[in-house]
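Trainee: Output the structure for:
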Amino acid sequence: MTESPLERDGLPIVTLPTLETPRLILRTIAPDDRDAIVAILSDKVAMEHMHYASWDTAQCHGWVDTALEIAGQPEPEGIGWVIERKDTGETIGWFGIGNPSHPANAHHVSFEYALGRPNWNQGFMTEVLRCIFTYAFDTLGVPQLTANCHPTNVASSTVMEKAGMRFTHADRAIGMGGYRQHQNHYCITRSDWNGLKNGASS
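Mentor: Got it, this is the predicted structure:
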């Protein structure tokens, strides 16, 4: 992995590494991922709690076009991976870490993820989150990661809590689709993560 000494918004700019868990590979998106990602985005049940649920096919393909373009930039806006199963080679989801939306929040970095429905309830996203936390806190030195989900999205809340995140508050805020919605907010700090690691190793 090659890291750049430059920073944007107080965080290091890095070349996207390929990450691995016992069952998964997290890697840069490629053109061959298009059909799998569009299928996930087009699944109204899987996207029920996300703004993608209202998208048509053209918008889903546009998302992949943008993701491919961003992945090809030397200094991309945010970093993101597709999730691939080692046993089948299938692309089953994605995970993205965004840039801070405001300089005052430069160390409060948010993330988003999605997993195709055939791969639910197998512990894959908890595995991914713990891998990302290791990379974000131990390699990038990010002080804090945050995420939110709709209060009815029990599966997402459960995944975040299993991975070590804690509920912080609920509010009604502007979501990624540009509309106001109820959100439950979760966070994990580097100190939280160090405590979890130390507890696991003791």
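Trainee: how about the top helix by length along the chain as CSV, C-alpha atoms only?
Mentor: Ordering each helix of the chain by length in residues (DSSP state H) puts helix 57-71 first. Extracted in CSV, the C-alpha atoms of helix 57-71 (Å, rounded to 0.1, in the frame of the first residue of the first chain):
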residue,chain,number,x,y,z
THR,A,57,-32.5,2.0,-13.9
ALA,A,58,-30.7,4.9,-15.6
GLN,A,59,-29.9,6.5,-12.1
CYS,A,60,-28.5,3.1,-10.9
HIS,A,61,-26.2,2.9,-13.9
GLY,A,62,-25.3,6.6,-13.4
TRP,A,63,-24.2,5.7,-9.8
VAL,A,64,-21.9,3.0,-11.2
ASP,A,65,-20.5,5.5,-13.8
THR,A,66,-19.7,8.0,-11.1
ALA,A,67,-18.2,5.4,-8.8
LEU,A,68,-15.9,4.2,-11.7
GLU,A,69,-14.9,7.8,-12.5
ILE,A,70,-14.1,8.6,-8.8
ALA,A,71,-12.1,5.4,-8.5
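Trainee: What residues sit buried inside it?
Mentor: By neighbour count, and taking 16 or more other CB atoms under 10 Å as the criterion, the buried residues in helix 57-71 are Cys60, His61, Trp63, Val64, Ala67, Leu68, Ala71. No exception for glycine: its C-beta is placed from N, CA and C like everyone else's.
Trainee: Could you pull out the strands in the protein for me?
Mentor: Defined through DSSP state E, the strands belonging to the chain, from first to last, are 3-8, 11-14, 19-20, 24-27, 79-85, 91-97, 108-115, 144-149, 166-174, 180-189.
Trainee: weakest of those in terms of mean pLDDT?
Mentor: Within those, the least confident segment by mean pLDDT turns out to be strand 3-8, at a mean of 36.
Trainee: Now the two most distant members of the buried residues of helix 57-71.
Mentor: Of all pairs drawn from the buried residues of helix 57-71, the widest gap by CB to CB lies between Cys60 and Ala71 and measures 16.9 Å.
Trainee: one step back: for the longest helix of the chain, packing partners?
Mentor: helix 34-42, strand 79-85 (3 or more CB pairs under 8 Å, 6 or more residues apart in numbering; DSSP states H and E).
Trainee: what's the nearest residue to Tyr186 if we skip its chain neighbours?
Mentor: Counting by CB to CB, 6 or more residues apart in numbering, Tyr186 lies nearest to Met165, which is 4.2 Å off, once chain neighbours are set aside.
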